[in-house]
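1. below is the sequence, then the predicted model.
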Amino acid sequence: MGAVREKFSSQAAPDVLAALRQIAESQGRQFQAVLDEALRDYIDRQQKERPRRHVMAAFAASLDEFDSLYRELAK
């Protein structure tokens, strides 16, 4: 059985849709599969570009603890 899909309606620039259709055709894939992959790639990039909370908390703690050292090193 295939993956569950949910229909939605949106709009995109004609050149973007044309490029996706061309990719799908050249790869012998369905348009919806190429669109799904593009959306997943976008989501992955967005999630990876944001620092994780625990990383930012450790960074803030480091600034608190070593502020004077960092200021000396920056001179």
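-> Now that the structure is in, tell me what you want to look at.

2. any idea of the mean pLDDT in the lengthiest helix in the chain?
-> Counting by DSSP state H, the longest helix found in the chain is helix 53-74. The pLDDT scores in helix 53-74 average 89.

3. could you list the residues in contact with it?
-> If you take Cβ atoms under 8 Å, 6 or more residues apart in numbering as the criterion, helix 53-74 is touched by Pro51. In this view, the C-beta of every residue, glycine as well, is placed from N, C-alpha and C.

4. which elements pack onto the host helix or strand of Gln22?
-> Here Gln22 sits within helix 14-27, counting by DSSP states H and E. Under the contact definition 3 or more Cβ pairs under 8 Å, 6 or more residues apart in numbering; DSSP states H and E, helix 14-27 sits against helix 31-49.

5. and the helix it packs on, C-alpha only, in PDB?
-> Coordinates of each C-alpha in helix 31-49 appear next as PDB, following Å, rounded to 0.1, in the frame of the first residue of the first chain:
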ATOM      1  CA  PHE A  31       5.600  15.400 -10.600                       C
ATOM      2  CA  GLN A  32       4.200  14.900  -7.100                       C
ATOM      3  CA  ALA A  33       7.200  12.700  -6.200                       C
ATOM      4  CA  VAL A  34       9.600  15.500  -7.300                       C
ATOM      5  CA  LEU A  35       7.600  18.100  -5.400                       C
ATOM      6  CA  ASP A  36       7.500  16.000  -2.300                       C
ATOM      7  CA  GLU A  37      11.300  15.500  -2.400                       C
ATOM      8  CA  ALA A  38      11.800  19.300  -2.900                       C
ATOM      9  CA  LEU A  39       9.600  20.100   0.100                       C
ATOM     10  CA  ARG A  40      11.400  17.500   2.300                       C
ATOM     11  CA  ASP A  41      14.800  18.900   1.300                       C
ATOM     12  CA  TYR A  42      13.600  22.400   2.100                       C
ATOM     13  CA  ILE A  43      12.300  21.300   5.500                       C
ATOM     14  CA  ASP A  44      15.600  19.500   6.300                       C
ATOM     15  CA  ARG A  45      17.700  22.600   5.400                       C
ATOM     16  CA  GLN A  46      15.500  24.900   7.500                       C
ATOM     17  CA  GLN A  47      15.700  22.600  10.500                       C
ATOM     18  CA  LYS A  48      19.500  22.100  10.200                       C
ATOM     19  CA  GLU A  49      20.300  25.800   9.800                       C
END
